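**Student:** here you go, sequence then predicted model.
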Amino acid sequence: VAMRDLEIRGAGNLLGTKQSGLINTVGINYYNRLLQQAIEYLEMNKEGAPAPVEEEVPLKKINVKQDVYFPSSYINDDTLRIQLYKRMGEFKETTEFDDFKQELEDRFGHLPKEAERTVDFYKLKFLADSSGLSGVRVRENALVMEFDENKLPAKAVLGQFITTVTSQVRFDTTKGLKIIVDINKKLLTEKDNLLQSIEFLEAYREIVRKK
């Protein structure tokens, strides 16, 4: 498996519009699990050994404009980079992402912007997964939070979220439910857009957990 090719063609902009191939369909976390199972199956090298079966999991749509990957100039071991992606996909608390940034800095030196963005992307995905969202899109001037029709948030949750965030909040009910939260137009960098989107999702997740 060409791990570097994986990063160039798939892991860059993980679930965004620039990527191609299988990852575009299943996402990097699920892809990594399939990849690991395939490797283990090949390493068994036993005639007639059954191929591992992966359980069906719901797919999340996480769309950001930026490329998301650990540069080989920062972490030059292909296998290690994949292992680090998998680790982040298994985190259970938001604090683990901040600790992970510190760990990376201790092991590999100052985080380049691509590496920092990658950790933030996984944090965004974790927040979406743990808050019951079906998808998230970070636009230039807005965060779009998507919900399935059969898993809509309670009115009390929506009401508290609207009063909690200081930005304008709009709703789109054409297909399921979309909550559109305006991002401060004074924030001109993509990094700041991503970080503010994380803050919005952290606020929403905290409301959900208390209800």
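**Tutor:** Noted; the coordinates are in hand. All values derive from a computational prediction rather than experimental measurement. Numbers count the residues shown, from 1 in each chain.

**Student:** what's the burial count for residue 107?
**Tutor:** Applying other C-beta atoms under 10 Å, we find 10 residues neighbouring residue 107. Placement of C-beta: from N, CA and C, glycine included.

**Student:** quick check: phi and psi on it?
**Tutor:** Main-chain torsions, residue 107, degrees, to the nearest 10: phi -90, psi -40.

**Student:** so it versus residue 77, what's the distance?
**Tutor:** Note on residue 107: its distance to residue 77, by C-beta to C-beta, to the nearest Å, is 11 Å.

**Student:** pLDDT weak spots in this structure?
**Tutor:** Counting by pLDDT under 70, the low-confidence segments of the chain come to 1-60, 185-191.

**Student:** quick one, strands of it?
**Tutor:** 61-63, 135-138, 142-147, 169-172, 177-182 (DSSP state E).

**Student:** biggest helix in this protein by residues?
**Tutor:** helix 190-210 (DSSP state H).

**Student:** can you pull the contacts of the closest residue to residue 146 other than its chain neighbours?
**Tutor:** Nearest residue to residue 146, sequence neighbours excluded (C-beta to C-beta, 6 or more residues apart in numbering): residue 135, at 3.8 Å. Residue 135 makes contact with 60, 61, 62, 63, 128, 144, 146, according to C-beta atoms under 8 Å, 6 or more residues apart in numbering.

**Student:** the fourth one: how many residues sit nearby?
**Tutor:** So the one you mean is residue 63. Residues lying near residue 63 (other C-beta under 10 Å) number 16.

**Student:** how much space separates it from residue 163?
**Tutor:** Residue 63 is 27 Å from residue 163, by C-beta to C-beta.

**Student:** wait, residue 179 touches residue 144, no?
**Tutor:** Yes - Residue 179 lies in contact with residue 144 (C-beta atoms under 8 Å); the separation is 7.5 Å.
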